[in-house]
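1. Sequence and predicted structure, then a few things I'm wondering about:
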Amino acid sequence: MSINIRPLHPVLGGEVDGVDLRQPLSVEQVAAIEAGMDKYAVLVFHGQDITDEQQQAFSRNFGSLERPDSVSNITRDEDRRLGPDMADISNLDRNNRLFGGNDRQRLFNLGNMLWHSDSSFRAVPAKYSLLSGRIVPETGGNTEFAGMRAAYDALDDAMKATVEDLVCQHSLLYSRGSLGFDELSEQEKAGFRPARQRLVRTHPVTGRKSLYLSAHAGAILGWPTPEARILLRDLNEDATRRDFVYSHKWRQFDLVMWDNRQVMHRARRYNDTTDVRDMRRTTIAGESQTVEQAA
Ligand code: OGA
Ligand code: MN
């Protein structure tokens, strides 16, 4: 069966049929999915009841896996529920019990409800993320995606010139700080040291420019902080207008894959202290620093 992709939204997103992610893929199938990612930036695969190992094997078709670590989370090794290559996006502790309302890990995880791009706080940020919905709540908990190519294209010429060569500092200290989550140990703070990212990036395959925004961005090199924050807020507001956003309502065993170089995403609220949402992410490492990229 050949891969078929149906557009889901005018600016991004495609729904893929004709592939079983439990099986090894052919070179042609991998190429068709990569081409779909370049075109749609977000791909949805329904009905994929996969194990963590199958998710990892499928993910490795697209590059090497980025491991969650002390640069990306506050989870201690002994508290991890999943293996070292899986990012735990659930509301469950290592015993598969729901986090309590004041659990520190729960409060940290709420940061996923801010618009962001995965691991923009790493010097070499992520390429793709692949999120598998093993148990999904009946109400709430959509994942939304905003198209950053469309956001760039919509800027007027003066703003394109302003942002062209700007470099931002990204850190979990900024995204979590914006929610008032700032009780971090010295060791955690050291892991969350800011990384530099260009504000405008060019896609290596399509050559299209996109705005590289994220809740982790909290400073612009050479700019006073309030001026930087106001510009970033304005850009975020315009970039996430409703007509640039696809909202994904999860069905059990959906796998959604996105290109962090071309979209921002966020989780929406749900009853996370009563309803299980078991989501597991594999992340494909990027290939280079954005600051190495020519303007
Ligand atoms: C992620 C993420 C959003 C969600 O997996 O990186 O931000 O809806 N997920 O769980
Ligand atoms: Mn994320």
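-> Looks like it arrived, so ask away. Because the structure is a prediction, the values reported are computed rather than measured. Numbers count the residues shown, from 1 in each chain. Ligands and ions are numbered 1, 2, ... in the order given.
2. What sits closest to whichever residue of the stretch 101-250 of the chain sits closest to ligand 1 if chain neighbours are left out?
-> Using Cβ to the nearest ligand atom, the closest approach of the stretch 101-250 of the chain to ligand 1 is made by residue 143 at 3.5 Å. Placement of C-beta: from N, CA and C, glycine included. Once flanking residues are discounted, residue 143 sits nearest to residue 248: 4.8 Å by Cβ to Cβ, 6 or more residues apart in numbering.
3. show me what contacts that neighbour?
-> Contact analysis of residue 248 by Cβ atoms under 8 Å, 6 or more residues apart in numbering lists 13, 42, 44, 142-145, 254, 256.
4. Which one (most neighbours) among those residues?
-> Using other Cβ atoms under 10 Å as the neighbour criterion, residue 145 leads those with 27 neighbours.
5. what number of residues lie near residue 18?
-> Applying other Cβ under 10 Å, I find that residue 18 has 12 neighbouring residues.
6. Just want the most central residue of the chain.
-> With distances taken as Cα atoms, centre = their mean, residue 118 lies nearest the centre of the chain, 3.6 Å away.
7. And that one, what's its pLDDT?
-> We note a pLDDT of 98 for residue 118 in this prediction.
8. Report the secondary structure state of it.
-> Residue 118 falls in the coil class when you classify it by DSSP: H, G, I helix; E, B strand; the rest coil.
9. Which residues of the stretch 151-295 of the chain lie near ligand 1?
-> With Cβ under 6 Å from any ligand atom as the criterion, the stretch 151-295 of the chain meets ligand 1 at residues 265, 267, 279, 281.
10. give me that answer again for 5 Å
-> 267, 281 (Cβ under 5 Å from any ligand atom).
11. So residue 245 sits against residue 146, correct?
-> Yes - with contact defined as Cβ atoms under 8 Å, residue 245 counts as touching residue 146 (5.0 Å).
12. hang on, the earlier thing: next up, the contacts around the residue nearest to the centre of the chain.
-> Residue 118 touches 125-126, 129, 260, 265, 281, 283, counting by Cβ under 8 Å, 6+ apart.
13. which residue sits closest to residue 123, ignoring its sequence neighbours?
-> residue 195 (4.8 Å).
14. Tally up the residues packed near the one you found, please.
-> By other Cβ under 10 Å, neighbour count at residue 195 equals 21.
15. distance of it from residue 167?
-> 10 Å (Cβ to Cβ, to the nearest Å).
16. do residue 251 as well
-> For residue 251 relative to residue 167 (Cβ to Cβ), the value is 40 Å.
17. These two: who's more crowded?
-> Using other Cβ under 10 Å, the more surrounded residue of residue 251 and residue 167 is residue 167, with 15 against 11.
18. Tell me the pLDDT of the nearest residue to that one once chain neighbours are set aside.
-> Among residues not flanking residue 167 along the chain, residue 221 sits closest, at 4.6 Å (Cβ to Cβ, 6+ apart). pLDDT recorded at residue 221 is 98.
19. Who are the contact partners of residue 70?
-> Contacts of residue 70 (Cβ under 8 Å, 6+ apart): 187-188, 191.
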